[in-house]
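# this one's sequence-less:
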């Protein structure tokens, strides 16, 4: 076969592109920063770039045994603390386990932390991706989130439910509960934008992650959050708690077991200032004492609900329950979106 000059040049160009691509893949793999625990706590990620879990990780209730045999005390029971922007956490099909999460298995600093003297909060990361693996919270010792990206220690806030019912105040006197509640509300009001359009786009992406939690699943603050192709299974009454507009929640399996105390406004998905959210092609399962609705919304405008099922049945407008949220109380409003 005769090879012309033009054909030879095309072959050379194709070969060059293949070599460049292979080099880029090798370079990307080489720049993956292994996620390692640190003395006195879990792994802390402050540098931008790709961070990889290289083996299963466990945070126990008192001491943290990791695969290399060392133990680290971690009073916050956090496996990974993200304290910087432009971070990709690739679980690489491994499992991170928090046996007793006071806050979250993967968390962000909402204040200055005793165990991390070089990390000063609040740090609300931008352009954070968490992907490709499993997160388990096996026992509830506090908040017990799988993933929590919220700017104030008092978030999420649901005072009417937290203060209602026998035993809800944890035995504290009413005056003390009122003082603590006022403090929590002050923190949240300083942290949260007053309107949906004031939330900055944070670029939070969770994809191909399987979460099983004795508490809640994912709590995120910021515009444009994306949660897709994941499984979120929780004991609590809420799996996803989203603050901010234009979220995309697509192609997930969301299972609410409804064990223990279920809050009045709990739902598989809770939206606050959630205007423009797209909730599409999700399979939702509600068990136990979970409520018979898929979404509760607070100070939220129009959203898109499309192609979802709950317990095997299509979800229509009746699957949304609308609340007016003044932080001190949750007052149900009539009608649905």
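Perfect, thanks for sending it. Because the structure is predicted, anything quoted here is derived from the model rather than measured.
# Can you pull out the low-pLDDT segments for the stretch 51-200 of the chain?
60-77, 100-102, 110-118, 121, 141-142, 153-154, 159-181, 183-184 (pLDDT under 70).
# That one: helices as residue ranges?
159-163, 174-191 (DSSP state H, counting those that start in this stretch).
# Tell me the buried residues in whatever helix or strand comes next after the longest one?
Counting by DSSP states H and E, the element after helix 174-191 in chain order, helix or strand, is strand 204-213. Using 16 or more other C-beta atoms under 10 Å as the burial criterion, the residues of strand 204-213 that qualify are 204-207, 209-213. Heads up, the C-betas are built off the backbone N, CA and C, glycines and all.
# swap in stretch 298-314?
298-300, 303, 305, 308, 310.
# what sits up against it?
Here stretch 298-314 makes contact (C-beta atoms under 8 Å, 6 or more residues apart in numbering) with 196, 265, 268, 270-286, 294-295, 297, 315-317, 319-320, 322-325, 330, 337.
# from the residues you listed, which ones fall inside strands?
The strands, defined by DSSP state E, take in 270-272, 278-280, 283-286, 295, 297, 320, 322-325, 330 from the contacts of stretch 298-314.
# From residue 48, how far out is the closest residue to residue 267 other than its chain neighbours?
Distances taken as C-beta to C-beta, 6 or more residues apart in numbering put residue 296 closest to residue 267, at 4.2 Å, once the chain neighbours are dropped. Relative to residue 48, residue 296 is positioned 35 Å away (C-beta to C-beta, to the nearest Å).
# In terms of packing, which of the two has more residues around it?
residue 296 (28 against 14; other C-beta atoms under 10 Å).
# do you know how far the more buried one is from residue 241?
In terms of C-beta to C-beta, residue 296 sits 10 Å off from residue 241.
# Tell me the residues that contact both of the two, please.
Going by C-beta under 8 Å, 6+ apart, residues that sit against residue 296 and also against residue 241 are residue 270.
# still on that earlier bit, closest one of the buried residues of strand 204-213 to residue 52?
The closest of those to residue 52 turns out to be residue 209 (C-beta to C-beta; 14.4 Å).
# Wait, residue 248 touches residue 282, no?
No. Residue 248 sits out of contact with residue 282 when judged by C-beta atoms under 8 Å, with a separation of 11.0 Å.
# the more surrounded of the two?
residue 282 (26 against 17).
# thought the more buried one was touching residue 250?
Yes. At 7.0 Å, residue 282 and residue 250 qualify as touching, with contact defined as C-beta under 8 Å.
# Nearest to residue 135, out of the buried residues of strand 204-213: which one, please.
residue 211 (4.7 Å).
# got a list of what that closest one touches?
Per C-beta under 8 Å, 6+ apart, neighbours of residue 211: 134-137, 146-147, 217-218, 230-234.
# Go again with 6 Å.
Each residue near residue 211 by C-beta atoms under 6 Å, 6 or more residues apart in numbering is listed here: 135, 146, 217, 232.
# Is residue 228 bridged to anything, and to what?
The partner list for residue 228 in beta bridges (DSSP bridges) reads residue 207, residue 250.
# what number of residues lie near it?
17.
# you'd agree it is up against residue 207?
Yes. The criterion here is C-beta atoms under 6 Å, and residue 228 meets it with residue 207 at 5.1 Å.
# anything in contact with each of these two?
Common neighbours of residue 228 and residue 207 (C-beta under 6 Å, 6+ apart) do not exist.
# Just the pLDDT for the closest residue in space to residue 300 that isn't next to it in sequence.
Distance criterion C-beta to C-beta, 6+ apart; nearest residue to residue 300, sequence neighbours excluded, is residue 274 at 4.2 Å. Looking at residue 274, its pLDDT reads 94.
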